[in-house]
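Student: The following block contains a protein sequence and its predicted model.
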Amino acid sequence: MNPSPAAPRVVAGWQLLRLLGEGSHGSVHLAQRPGRPGVVALKLVPLAPHDEAARGAFRRSAEVAHALVHPGIARLLDAGIAGPLGWLAMEAAPGVELERYTRPARRLPEPLALRAALRVAQALAYAHGRGVVHRDLKPSNVLVHWPTDSLKLVDLGLARAADAAQTATGIVPGTPAYMAPELLAGGLPGPPGDLYALGAMLFQLLAGRLPFEAPTMGELLRRAATEPAPDLARLCPGLPPALGALVARLLAKAPADRPPDAQAVVEALQAIAVAWPAAS
């Protein structure tokens, strides 16, 4: 479902200042309440006016996301429904998208890439422990702010709310390049899918390319479903063998072959950082 091409200037009392981005789940705007200090990132999600099941699912999912309080997760401050739009007012976290550092010419130093992955894994461990999965983890949903050494996931838990608007369309939520094979095949999202996405993201930060690339969507889906991920050690000589092995496990085709949970990934990354002189 595509977002409305022209969002109204005011939604539920929020004044839209400028468009920050848009995608399959809706559009995000910098917004403020007139007469109140501060700004938020306001996500607008199209909702069918008479689909009470979808609207109820949106409200319930927003309540769950609102309860997430973690330094690595951008806070959901408020949410509601205004006519055909669901809205989610999120903390306007400072920083730049991690996407900036996925290109070969802009790759982060390897220790910084490792630290970013560790922060993401810590946030996922917290969320998964509370029954919330991201469903659309990718570098553009991670904000890093170097002056304050902060990293925040955005949209964590909110993809589920946005999915409520797409239930009847059959659309599989997510970004194909970061989606686990079981999700590409139409399976239900869960923690193993987030771990696969983390592996794809870390692979990209280290190698400057995605594990699976193709000229067409069909070929991309075929490769992701049938071919093993490239050997990271060959692409990035000098990496600790344990790091290459961890990324390979995260990118395993079968969910059962990936690490058991995000906390296990946190512990593995911490051990690699301690043992790797370059990461100290």
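Tutor: Received, thanks.
Student: all contacts plus neighbour counts: C-alpha atoms, from now on.
Tutor: Will do.
Student: In terms of secondary structure, what does the longest helix anywhere in the chain contact?
Tutor: The longest helix of the chain (DSSP state H) is helix 110-128. Contact here means 3 or more Cα pairs under 8 Å, 6 or more residues apart in numbering; DSSP states H and E; on that basis helix 110-128 packs against strand 150-153, helix 191-207, helix 262-275.
Student: Please, where are all the strands along the stretch 1-150 of the chain?
Tutor: Using DSSP state E, counting those that start in this stretch, the strands of the stretch 1-150 of the chain run over residues 10-11, 14-23, 26-32, 40-46, 76-82, 85-91, 96-97, 142-145, 150-153.
Student: which one of those strands is the most hemmed in?
Tutor: Burial of the strands of the stretch 1-150 of the chain is given as mean neighbour count (mean count of other Cα atoms under 10 Å); strand 40-46 ranks first at a mean of 26.
Student: burial measure for the residue nearest to Leu137 when sequence neighbours are not counted, as a count.
Tutor: Leaving aside its sequence neighbours, Leu137 sits nearest to Ala197 (Cα to Cα, 6 or more residues apart in numbering; 5.9 Å). The tally of other residues near Ala197 (other Cα atoms under 10 Å) stands at 26.
Student: I'd like the distance between Ala197 and Glu110.
Tutor: Look at Ala197 and Glu110: by Cα to Cα, to the nearest Å, they are 19 Å apart.
Student: Glu97 too?
Tutor: In terms of Cα to Cα, Glu97 sits 17 Å off from Glu110.
Student: hmm, back to that, which residues are in contact with the longest helix of the chain?
Tutor: Residues from elsewhere that reach helix 110-128 (Cα atoms under 8 Å, 6 or more residues apart in numbering): 68, 70-73, 133-134, 151-153, 191, 194, 198, 202, 205-206, 261-263, 265-266, 269-270, 273, 278-280.
Student: Buried ones among these?
Tutor: By neighbour count, with 16 or more other Cα atoms under 10 Å, the contacts of helix 110-128 hold 68, 72-73, 133-134, 151-153, 191, 194, 198, 202, 205-206, 261-263, 265-266, 269, 273 as buried.
Student: Surely Phe212 and Ala229 touch.
Tutor: Yes - using Cα atoms under 8 Å, Phe212 is in contact with Ala229, at 7.0 Å.
Student: lowest-pLDDT helix or strand in the chain?
Tutor: helix 158-163 (a mean of 53; mean pLDDT, DSSP states H and E).
Student: Now the element after it, going C-ward?
Tutor: helix 181-184 (DSSP states H and E).
Student: For that following helix, the averaged confidence score.
Tutor: Mean pLDDT, computed over helix 181-184, is 90.
Student: before we move on, what about stretch 270-280?
Tutor: 77.
Student: Could you do stretch 149-156 as well?
Tutor: pLDDT averaged over stretch 149-156 gives 88.
Student: switch to numbering from 59
Tutor: Fine by me, first position is 59 from now on; the one you just mentioned is stretch 207-214.
Student: Dump it to PDB, keeping only the CA atoms.
Tutor: C-alpha atoms of stretch 207-214 as PDB (Å, rounded to 0.1, in the frame of the first residue of the first chain):
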ATOM      1  CA  ASP A 207      28.000   8.100  21.000                       C
ATOM      2  CA  SER A 208      24.300   7.100  20.700                       C
ATOM      3  CA  LEU A 209      22.600   4.600  18.400                       C
ATOM      4  CA  LYS A 210      18.800   4.100  18.300                       C
ATOM      5  CA  LEU A 211      16.600   1.800  16.400                       C
ATOM      6  CA  VAL A 212      13.500   3.500  14.900                       C
ATOM      7  CA  ASP A 213      10.300   1.800  13.900                       C
ATOM      8  CA  LEU A 214      10.900  -1.000  16.400                       C
END
